[in-house]
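Chemist: build me a model from this:
(one chain, ligands or ions: 1)
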Amino acid sequence: MKIGVLALQGAVVEHARTVEAVGAEAILVKRVEQLAELDGLILPGGESTAMRRLIDRYDFLESLRAFGAAGKPIFGTCAGMILLAKRINNQQTSHLGLMDVTVERNAFGRQVDSFETELEIKGVAQDFPAVFIRAPYIIEAGPGVEVLSEDTGRIVAARDGHYLATAFHPELTADTRLMGYFVEMVKEAAVKA
Ligand SMILES: NC(=O)CC[C@H](N)C(=O)O
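Modeler: Residues are numbered from 1 along each chain as shown. Here you go, the predicted structure:
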């Protein structure tokens, strides 16, 4: 399986390492043409507004939307989750607008800028170490969305068909189980295609 990591900004190398750790091939995606060779794509954490500017500058927006619309799996973490969402609270426009959720940016507030906790993630782990950094969370999920994890009542991991999103950063710990879950999604989609 070839899994791309959008390499415009953010936690790129860490994701590539985790992809390789679960036995898939990681490709750092810097040009639109590279999307054609991928089975799945990761949108890393970073800063969603900065990433959007680069997406526009390198003319990625429509190609990323088409990638998702073609049924290819996309995994967005943190800022990547914001990029994937159909709706962003208190904002008129979204970015890729693919996943049927409403997200709130920087939603944990200033006092808890960053923190680590252990989460139960459906189908993945009972005790997943989750690192949150100025994280968003999902405030509303459409009927087709499966909530995979909540932290004190906030949705922090969810799946909408071939889209997966987490508010936290799975690439920052040595635990590869969530990436293993995504690679299984990619394999399933590749069989169907
Ligand atoms: N660690 C992150 O990816 C933070 C996301 C960032 N707060 C944003 O709004 O894009």
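Chemist: C-alpha from now on. contacts and neighbour counts both.
Modeler: Will do.
Chemist: can you pull the residues of this protein lying near the ligand?
Modeler: Counting by CA under 6 Å from any ligand atom, the residues of the chain close to the ligand are 45, 46, 47, 48, 78, 79, 105, 106, 133, 134, 135.
Chemist: inside strands: which ones of those residues?
Modeler: Under the assignment DSSP state E, the residues of the chain next to the ligand contribute residue 133 to strands.
Chemist: low-confidence ranges, the chain, go.
Modeler: Residue ranges of the chain with pLDDT under 70: 110-112.
Chemist: redo that, cut-off 50
Modeler: Scanning the chain for pLDDT under 50 picks out no residues.
Chemist: so where do the helices sit in this protein?
Modeler: Ranges of helices in the chain, per DSSP state H, are 12-21, 48-57, 61-69, 79-84, 177-192.
Chemist: other SSEs contacting the fourth one?
Modeler: Which is helix 79-84. Here helix 79-84 is seen to pack against strand 40-43, helix 48-57, strand 74-77, strand 163-166 when contacts are counted using 3 or more CA pairs under 8 Å, 6 or more residues apart in numbering; DSSP states H and E.
Chemist: for residue 133, give me its contacts.
Modeler: Shown in contact with residue 133 (CA atoms under 8 Å, 6 or more residues apart in numbering): 113, 114, 115, 168, 169.
Chemist: quick one: residue 147 from the ligand, how far?
Modeler: Between residue 147 and the ligand the distance is 20 Å, computed by CA to the nearest ligand atom, to the nearest Å.
Chemist: does that residue really touch residue 159, like I thought?
Modeler: Yes - using CA atoms under 8 Å, residue 147 is in contact with residue 159, at 6.5 Å.
Chemist: higher neighbour count, these two?
Modeler: Using other CA atoms under 10 Å, the more surrounded residue of residue 147 and residue 159 is residue 159, with 20 against 17.
Chemist: pretty sure the more buried one contacts residue 146?
Modeler: Yes - contact status for residue 159 versus residue 146: in contact at 5.1 Å, counting by CA under 8 Å.
Chemist: picking that back up, JSON lines for the residues of the chain next to the ligand, including distance to residue 121?
Modeler: Formatted as JSON lines, the residues of the chain next to the ligand follow (distance: CA to CA, whole Å):
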{"residue": "45", "distance to residue 121": "19"}
{"residue": "46", "distance to residue 121": "23"}
{"residue": "47", "distance to residue 121": "25"}
{"residue": "48", "distance to residue 121": "24"}
{"residue": "78", "distance to residue 121": "16"}
{"residue": "79", "distance to residue 121": "20"}
{"residue": "105", "distance to residue 121": "21"}
{"residue": "106", "distance to residue 121": "21"}
{"residue": "133", "distance to residue 121": "19"}
{"residue": "134", "distance to residue 121": "20"}
{"residue": "135", "distance to residue 121": "17"}
